[in-house]
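> have a look; sequence and predicted model below, questions after that.
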Amino acid sequence: MKKWMGILAAALLAGCAQQPTDSGSGVAGTQVDSESRQRARAFTDLAGAYFSRAQYKVALDELRKAITADNRFGPAYNVYGLIYMELAEDKLAEENFRRAIELDRGDSEARNNFGWFLCTRDRYDEGLEQFSIALHNPLYAHPEQAMANAGLCAEKKGDLALAEANLLKSLKLQPDNPNTVLKLAGLNFRQGRLMETQRLLGRHAELVPPTAESLWLGVRLERKLGDRAQEAAYGLLLRKRFPDSNEARLLLTGQYE
């Protein structure tokens with residue numbers, strides 16, 4: 001899950017910068033509301049930045065300030081949900097995601113994050129529903145993220161056709177996203193499309209340096225293709241660059257399937 005948290009954090013920060021116009025009764029009231037909302041947004045932006053660096057305690061402190069400034073600022077509850085999701089406080093995570101959506105039913109970033117939370121808790125259909133609602137919003141600034149997450153959720157559910165359809169849609173909108181390229185490569189490998197897997201792995205290597213996940217996929221791919229030299233090269237690089245990774249452990253114990 002952590003491999004996608006950077007994407008989620010980037011999405012929520014982008015969302016925080018685009019809020020609906022505040023309302024108020026009278027000029028003075030509107031001004032007060034606007035200043036409160038601005039403070040809440042600033043504290044929430046800080047919380048999002050701390051969250052992306054895994055500084056959860058500091059992020060929570062900033063969110064308390066945001067809620068004190070404006071307890072109806074939905075994005076603050078969205079960030080609360082992300083933090084509690086990482087801390088495995090599932091009840092609090094769900095409550096805060098739902099509160100964010102209650103305050104703004106058109107908040108596609110909150111729906112995307114809530115959808116991913118549900119999928120990581122094996123509530124696949126509920127998660128896919130949240131992604132679908134997010135994608136029906138024509139003003140959603142980052143539909144490729146919900147599409148990619150919907151693809152991963154569908155794969156976890158076992159619906160490989162739906163997974164592929166969503167990942168391809170995401171890649172069409174953002175063709176240079178290395179995470180989506182790699183996930184699609186893995187999906188093709190699962191379906192026995194070895195040449196397409198090889199092509200996508202090559203594309204991933206053009207975009208970013210290798211990761212433990214990409215190297216491990218390379219090991220298994222070349223093993224299937226029968227290229228022992230290339231398999232060994234991938235394995236050597238995996239052990240050298242990511243010796244403490246789960247992928248390296250699988251390699252050393254011979255768990256290729």
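Arrived safely.
> now the helices for this protein?
Assigned by DSSP state H, the chain shows helices spanning 2-16, 27-52, 56-69, 74-86, 90-103, 108-120, 124-135, 143-157, 160-173, 178-190, 194-207, 212-225, 228-241, 246-252.
> and the ones you listed, which one is worst for confidence?
Confidence, taken as mean pLDDT, is least for helix 2-16 of the helices of the chain (a mean of 40).
> next, the buried residues of stretch 70-85.
Using 16 or more other Cβ atoms under 10 Å as the burial criterion, the residues of stretch 70-85 that qualify are 70, 72-85. In short, each C-beta sits where N, CA and C put it, glycine included.
> pull the CA atoms of that stretch into CSV?
The C-alpha atoms that make up stretch 70-85 are tabulated as CSV, following Å, rounded to 0.1, in the frame of the first residue of the first chain:
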residue,chain,number,x,y,z
ASP,A,70,-13.3,25.7,10.3
ASN,A,71,-14.9,22.4,11.4
ARG,A,72,-16.7,22.2,8.1
PHE,A,73,-13.6,22.1,5.9
GLY,A,74,-13.9,18.7,4.2
PRO,A,75,-10.3,18.2,3.0
ALA,A,76,-9.1,18.2,6.6
TYR,A,77,-11.2,15.1,7.4
ASN,A,78,-9.8,13.6,4.2
VAL,A,79,-6.3,13.9,5.5
TYR,A,80,-7.4,12.6,8.9
GLY,A,81,-8.7,9.5,7.1
LEU,A,82,-5.4,9.0,5.3
ILE,A,83,-3.4,9.2,8.5
TYR,A,84,-5.7,6.9,10.4
MET,A,85,-5.6,4.5,7.5
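> how much distance is there from that stretch to the middle of the chain?
Chain-centre distance of stretch 70-85: 16 Å, with Cα atoms, centre = their mean, to the nearest Å.
> try stretch 114-127
Relative to its chain's centre, stretch 114-127 lies at 12 Å (Cα atoms, centre = their mean).
> thinking again about what came up before, so which of the buried residues of stretch 70-85 would you say is closest to E129?
G81 (16.6 Å; Cβ to Cβ).
> surely that closest one meets L118?
No: between G81 and L118 there is no contact under Cβ atoms under 8 Å: 11.1 Å.
> mind listing the shared neighbours of these two?
Common neighbours of G81 and L118, counting by Cβ atoms under 8 Å, 6 or more residues apart in numbering, are absent.
> give the buried residues for stretch 96-112.
Applying 16+ other Cβ under 10 Å to stretch 96-112 flags 96-97, 99-101, 103-104, 107-112 as buried.
> so how far is A161 from P210?
Between P210 and A161 the computed distance is 29 Å (Cβ to Cβ, to the nearest Å).
> more neighbours: which of these two?
P210 (18 against 9; other Cβ atoms under 10 Å).
> now do the contacts for that one.
With Cβ under 8 Å, 6+ apart, P210 has these contacts: 218, 237, 241.
> 7 Å instead, please
For P210, the contact set (Cβ atoms under 7 Å, 6 or more residues apart in numbering) comprises L237.
> model confidence for it, exactly?
In this prediction, P210 has a pLDDT value of 97.
> may I have the phi/psi pair for it?
phi -60, psi 150 (degrees, to the nearest 10).
> hang on, the earlier thing: closest to S36 out of the buried residues of stretch 96-112?
L103 (14.3 Å).
> measure that closest one to S52 for me?
Where S52 is concerned, L103 sits at a distance of 23 Å (Cβ to Cβ).
> so who does the residue nearest to K157 when sequence neighbours are not counted touch?
Once flanking residues are discounted, K157 sits nearest to Y124: 3.9 Å by Cβ to Cβ, 6 or more residues apart in numbering. For Y124, the contact set (Cβ under 7 Å, 6+ apart) comprises 153, 156-157.
> got it, and E196?
N188.
> correct me, but A150 touches E129?
No: between A150 and E129 there is no contact under Cβ atoms under 7 Å: 10.0 Å.
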